[in-house]
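Engineer: Could you look at this predicted model? Sequence included:
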Amino acid sequence: AQVNRADTMDFETFVTTTQEQIQKARDGDDQADETCQLLLTYMGPYEIYDAVPVLVAPAVAVLFIGATFERNEETLANLALTFDHRLIQG
């Protein structure tokens, strides 16, 4: 799901817009284009728990969210972030 101009929205508008865009993505609407800066990858439906996300330009970062699992009566998920180091190092 892609949320354009998220940085200009108040929190309530951001949440509502995000929910709408997620529903569009679930319905098969591919929203990625050259303006997408952060990619989120959720692999829960495929029972993938760990991965190393690959950054594809022009995005500047990609966040992998793994399938949830139980440990010590807690629900957990692994996260992995790959980013363009030039964002930090200039």
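Structural biologist: Thanks, I have the structure now.
Engineer: got a pLDDT number for the residue nearest to Pro45 when sequence neighbours are not counted?
Structural biologist: With CB to CB, 6 or more residues apart in numbering as the criterion, Pro45 has its nearest non-adjacent residue at 7.8 Å, and that residue is Ala67. All C-beta spots, glycine's among them, are computed from the backbone N, C-alpha and C. As predicted, Ala67 sits at a pLDDT of 96.
Engineer: can you start the count at 693 instead of 1 from here on
Structural biologist: OK, 693 is where the count begins now, so the last one is Ala759.
Engineer: element containing Ala759, please.
Structural biologist: Assigned by DSSP states H and E, Ala759 falls within no helix or strand.
Engineer: Name the residues of stretch 694-710 that are buried.
Structural biologist: Within stretch 694-710, the residues that count as buried by 16 or more other CB atoms under 10 Å are Gln694, Val695, Thr709.
Engineer: Need those in CSV (columns: distance to Met735, pLDDT and secondary structure).
Structural biologist: Listed next are the buried residues of stretch 694-710 as CSV, based on distance: CB to CB, whole Å; pLDDT from 0 to 100; DSSP: H, G, I helix; E, B strand; the rest coil:
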residue, distance to Met735, pLDDT, secondary structure
Gln694, 18, 81, coil
Val695, 20, 87, coil
Thr709, 24, 95, helix
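Engineer: I'd like these written out as JSON lines, with distance to Arg718 added.
Structural biologist: As requested, the buried residues of stretch 694-710 are exported to JSON lines (distance: CB to CB, whole Å):
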{"residue": "Gln694", "distance to Arg718": "13"}
{"residue": "Val695", "distance to Arg718": "15"}
{"residue": "Thr709", "distance to Arg718": "15"}
